[in-house]
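Engineer: I'll drop the sequence and a predicted model, then ask my questions.
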Amino acid sequence: MKHRFIDHAEPGSDAARAEERGVVSPLLRVVADAGPALCSNPSPRGGGELCLRHLGLADYEPTWRAMQAFTAGRGPDTPDELWLVEHPPVFTLGQAGRREHLLRDIGVPVVAVDRGGQVTYHGPGQAVVYVLLDLKRRGYGVKELVRRLEQAVIDLLAEHGIPGVRLAGAPGVYVAQAGGRLAKIAALGLRLRNGCTYHGLALNVDLDLAPFAAINPCGHAGMPVTRLKDVGIGLDLETAGAKLAHHLVRLLTGKDEADAV
């Protein structure tokens, strides 16, 4: 049996523009239904406020399309946002993703998306944070953003005595297993459009890791994958997501989430 792919028009194409005209309001209802955002005050370093929204459990596809619509519709004064969300099971394949990295069909849908990177898995028990930033206003580029996203996970791990490391050529955060082999605990992928980012960061908290065996995670054959639970960090998903958001707000703005109003 072949994988069930869900493909979509590339943003900016005629088909995508027509789709955006028809579905912007329903898509953004995914966000509006989450209630009011918690926003930090503008950072003294510049960049404006950063708002955090808790979307709860939400299907991947409408959330992704809402990110596209938000980015396409934002103006110079639109506040930046972080969306904290959990997804039902789904594989996502990046823009340059090769389908041979999908090793076998296990009944999980595959969504071809517009972020960088190869294939990854999202599912219940994983804290996903989407990063909708105007980098021109923030004053740093994509490489620095990646470093800060990774650092947020590294800082969370360090709170519990677990060293998190980066791996050259493979964005994300890794931890050492017995014998010293590295296992991936957080993945990231971004899209830059008109100087603004979307997509983001996924931290494995207590999700079922079995689906990762059906892919080459992030395009790396045999890459071990782990989760907070397996490295001795017994946080539930809500607490882990809140801690991750705290570190992200601090690193992206220079302010702690405790300063939010």
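Structural biologist: It's in.

Engineer: do you know how far the closest residue to Gly97 other than its chain neighbours is from Glu61?
Structural biologist: In space, and not counting its chain neighbours, Gly97 is closest to Gln118: 4.7 Å by C-beta to C-beta, 6 or more residues apart in numbering. The C-beta positions use only the backbone N, C-alpha and C, and glycine is treated the same way. Relative to Glu61, Gln118 is positioned 19 Å away (C-beta to C-beta, to the nearest Å).

Engineer: please report phi then psi for the closest residue to Phe91 other than its chain neighbours.
Structural biologist: Using C-beta to C-beta, 6+ apart and skipping the chain neighbours, the partner closest in space to Phe91 is Val110 (4.5 Å). In terms of degrees, to the nearest 10, the main-chain angles of Val110 are phi -120, psi 130.

Engineer: surely Val110 touches Pro89?
Structural biologist: No: between Val110 and Pro89 there is no contact, the gap being 10.9 Å when judged by C-beta atoms under 8 Å.

Engineer: between these two, tell me which one has more neighbours.
Structural biologist: Neighbour totals were compared for Val110 and Pro89, and Val110 leads with 21 against 16 (other C-beta atoms under 10 Å).

Engineer: neighbour-wise, which of Gln118 and Glu61 wins?
Structural biologist: Taking other C-beta under 10 Å, Gln118 and Glu61 do not tie; Gln118 has more neighbours (22 against 17).

Engineer: that one touches Arg98, doesn't it?
Structural biologist: Yes: applying C-beta under 8 Å as the test, Gln118 and Arg98 come out as touching, 6.7 Å apart.

Engineer: phi, psi of Leu209?
Structural biologist: Phi and psi for Leu209, reported as degrees, to the nearest 10, are phi -90, psi -10.

Engineer: which strand residues bridge the closest residue in space to it that isn't next to it in sequence?
Structural biologist: Spatial nearest neighbour of Leu209, chain neighbours left out: Val225 (5.6 Å); criterion: C-beta to C-beta, 6+ apart. Counting by DSSP bridges, Val225 is bridged to Lys184.
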